[in-house]
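Novice: No letters, just coordinates:
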C-alpha cells in the first residue's frame with residue numbers, strides 16, 4: 001500500500017506532519033505538499049507555463065520521503081499520477097486542514113481539491129479537516145487560533161476512516177470529506193453521514209475598496225464577516241458544530257436535465273440546429 005499525503009497549508013504545517021506519521025501503519029507514506037500556503041486553491045493545478053514547477057526533497061521526522069512542490073496541492077497529486085514520486089499510489093490523504101471544509105467552502109478548498117484530483121486519476125482521496133474553535137470563517141484558521149488545536153484527535157479519526165477504507169475498498173475511486181471537531185476523541189459526540197450545506201458557520205458578508213497610498217488607481221480589498229449562524233444538524237457544518245464527525249462522500253459533477261432553459265435551447269437550435277441529446 002502506497003499512500004500520498006498532501007495539504008494546502010504547505011510543507012511546514014504541523015497538521016500535515018501529524019497526519020503523515022499517523023498513516024505509517026498502513027503502508028509506505030510519501031509526502032508531496034506545496035512549498036507555501038495554497039489555501040483556497042481548490043482543484044487548480046496552476047498556470048504551469050508561468051510557475052515552471054519544481055520539486056525539492058525535504059526532511060520530515062518519521063517520514064522516509066517528502067517533497068515540496070512549487071505549486072498547489074492538486075498539482076502535487078497530478079504529479080503523483082504521472083509517476084514523479086515513484087510507483088502509483090493506492091490512496092491520497094489530504095490534511096489535516098485547520099478549519100472545517102464544509103458547505104460552500106468545499107468548492108474552494110485545496111484540501112478537498114487534492115482528493116478530487118486523486119479521484120479524477122482513479123485513486124481514492126480522503127480529505128481531513130478539523131474545526132478551529134471560535135474561528136469558523138469560510139474554512140480558514142489563523143495562526144494565533146491554532147495554539148489549542150488537538151491534531152492527534154483528527155489524526156486518530158483519520159486512521160479509523162482509512163482502516164475502514166482498506167477493509168472494504170470500493171470498486172471505484174471515491175472522495176471522502178471528513179470534518180472533525182476540535183476536541184479530545186473521548187468528547188466527540190458520535191459521527192454523522194451528512195449533506196453538504198449551502199453556507200458556512202460565519203461567512204464573508206461584504207467587501208470595500210480602500211485606496212493604496214502612493215499608488216493611484218490601486219486599492220486594497222477589505223472584507224467583513226457576517227454573524228455566526230446555526231446550520232442544520234444534518235449538514236456537514238451543523239454536525240461539526242454539534243461536536244460530531246461529519247462524513248460526506250462527494251460525487252462527480254453531472255448534468256442536471258431539470259435545470260435546462262428552454263430559451264437557451266431555442267437559441268442554440270436557431271444557431272446550429274436541433275439538439276442531438278436525449279433530453280433538452
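Specialist: Perfect, I can see it now. Every value quoted in this text rests on a predicted model; they were computed, and no experiment measured them.

Novice: after the host helix or strand of residue 111 comes which helix or strand?
Specialist: Counting by DSSP states H and E, the element that carries residue 111 is helix 110-120. Downstream of helix 110-120, the next assigned helix or strand under DSSP H and E is strand 124-130.

Novice: that older thread, now do the helix holding residue 111: which elements does it pack against?
Specialist: When contacts are defined as 3 or more CB pairs under 8 Å, 6 or more residues apart in numbering; DSSP states H and E, helix 110-120 packs onto helix 73-81, strand 91-98, strand 124-130, strand 175-180. Glycine gets a C-beta too; all of them are placed from N, C-alpha and C.

Novice: Spit out the contact partners of the closest residue to residue 17 other than its chain neighbours.
Specialist: With sequence-adjacent residues excluded and distances taken as CB to CB, 6 or more residues apart in numbering, residue 17 is closest to residue 60, at 5.7 Å. Contact analysis of residue 60 by CB atoms under 8 Å, 6 or more residues apart in numbering lists 11, 17, 20, 31, 66.

Novice: Same check on residue 54?
Specialist: Shown in contact with residue 54 (CB under 8 Å, 6+ apart): 69, 70.

Novice: and if you look at residue 111?
Specialist: Per CB under 8 Å, 6+ apart, neighbours of residue 111: 7, 8, 73, 94, 95, 97, 101, 127, 128, 129.

Novice: So the second one sits against residue 36, correct?
Specialist: This points to residue 8. No - using CB atoms under 8 Å, residue 8 is not in contact with residue 36, being 10.2 Å away.

Novice: Of the two, which one has the most company?
Specialist: Neighbours of residue 8 and residue 36, each counted by other CB atoms under 10 Å, are more numerous for residue 8; the result is 29 against 14.

Novice: Nearest residue to the more buried one in space, please, no chain neighbours.
Specialist: Closest to residue 8 by CB to CB, 6+ apart is residue 110, at 2.8 Å.

Novice: okay, that neighbour: pLDDT?
Specialist: pLDDT recorded at residue 110 is 97.

Novice: right, and it touches residue 42 too?
Specialist: Yes - contact criterion CB under 8 Å: residue 110 and residue 42 qualify, at 6.3 Å.

Novice: list the buried ones in stretch 180-197?
Specialist: Applying a neighbour-count criterion of 16 or more other CB atoms under 10 Å, one finds 180, 181, 182, 183, 188, 191, 192, 194, 196, 197 buried in stretch 180-197.

Novice: Any regions of this structure where pLDDT drops low?
Specialist: For the chain, the stretches with pLDDT under 70 are 134-145, 278-280.

Novice: so where do the helices sit in it?
Specialist: Remark: helices assigned in the chain by DSSP state H are 14-22, 48-51, 73-81, 105-108, 110-120, 151-167, 236-241, 262-272.

Novice: what about residue 65, how many residues close to it?
Specialist: Neighbour count for residue 65, taken as other CB under 10 Å: 14.

Novice: now do residue 244
Specialist: Neighbourhood size, residue 244 [other CB under 10 Å]: 20.

Novice: again with residue 18
Specialist: 18.

Novice: Check whether it really touches residue 153, as I assumed.
Specialist: No - using CB under 8 Å, residue 18 is not in contact with residue 153; the gap is 10.1 Å.

Novice: Residues in contact with both of residue 110 and residue 42, list them for me.
Specialist: Common neighbours of residue 110 and residue 42 (criterion: CB under 8 Å, 6+ apart): residue 74.

Novice: on that earlier part again, now the helix holding residue 111 and strand 91-98, what's the angle there?
Specialist: Angle, helix 110-120 to strand 91-98, by axes from the mean of the first three to the mean of the last three CA atoms, to 10 degrees: 170 degrees.

Novice: What's opposite residue 192 in the beta bridge?
Specialist: residue 246 (DSSP bridges).

Novice: so it touches residue 243, yeah?
Specialist: No - when contacts are counted by CB under 8 Å, residue 192 is not listed as touching residue 243 (10.4 Å).

Novice: which residues does the closest residue in space to residue 15 that isn't next to it in sequence contact?
Specialist: With CB to CB, 6+ apart as the criterion, residue 15 has its nearest non-adjacent residue at 3.4 Å, and that residue is residue 96. Residue 96 is in contact with 7, 15, 16, 18, 19, 128, 129, 130, 151, 154, 155, 158, counting by CB under 8 Å, 6+ apart.
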